[in-house]
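Q: need a structure here:
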Amino acid sequence: PWDKREALSFSADAFLSQSPLPRERWKDPDGLLKLSKSQSNNGFYKWARPSEIMSMKGMKGDPVMIRAISPYLIKQTCVTDCSFIASLCICAAFERRFK
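A: Residues are numbered from 1 along each chain as shown. Take a look at the predicted model:
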């Protein structure tokens with residue numbers, strides 16, 4: 001959705017009911033993404049889902065990544081793909097405006 005009218009008319013339930021939800025996590029047929037040199041140098045050793053990180057640290061419960069979001073707080077540091085960061089900023093701006 002690009003404007004308030006479209007955002008208010010969007011129904012996640014209708015969208016999800018059009019296609020069956022996957023029964024298992026999607027696996028990329030090309031394998032796992034490789035970490036960039038910057039990511040490796042900053043102590044990352046693999047890509048992991050938040051629930052996997054919690055499990056590795058012996059934590060229980062549902063992970064909460066962000067309680068409040070602002071596009072002005074997102075910074076490109078170890079993420080080397082600026083288009084991904086731009087997408088996050090757009091999503092954050094959408095959340096602040098329409099939710």
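
Q: can you tell me the SS state at A92?
A: helix (DSSP: H, G, I helix; E, B strand; the rest coil).

Q: could you give the average pLDDT over stretch 89-99?
A: Mean per-residue pLDDT for stretch 89-99: 86.

Q: whoops, I mixed them up, stretch 57-66
A: The model assigns stretch 57-66 a mean pLDDT of 84.

Q: measure it end to end?
A: 19 Å (C-alpha to C-alpha, to the nearest Å).

Q: can you give me the helices in this structure?
A: For the chain, applying DSSP state H gives helices covering 4-9, 12-17, 37-41, 50-56, 82-98.

Q: mean neighbour count and distance to D30 added to these, as TSV?
A: Placement of C-beta: from N, CA and C, glycine included. Below are the helices of the chain laid out as TSV (neighbours: other C-beta atoms under 10 Å; distance: least, C-beta to C-beta, whole Å):
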stretch	mean neighbour count	distance to D30
helix 4-9	10	34
helix 12-17	8	26
helix 37-41	12	18
helix 50-56	12	20
helix 82-98	13	17
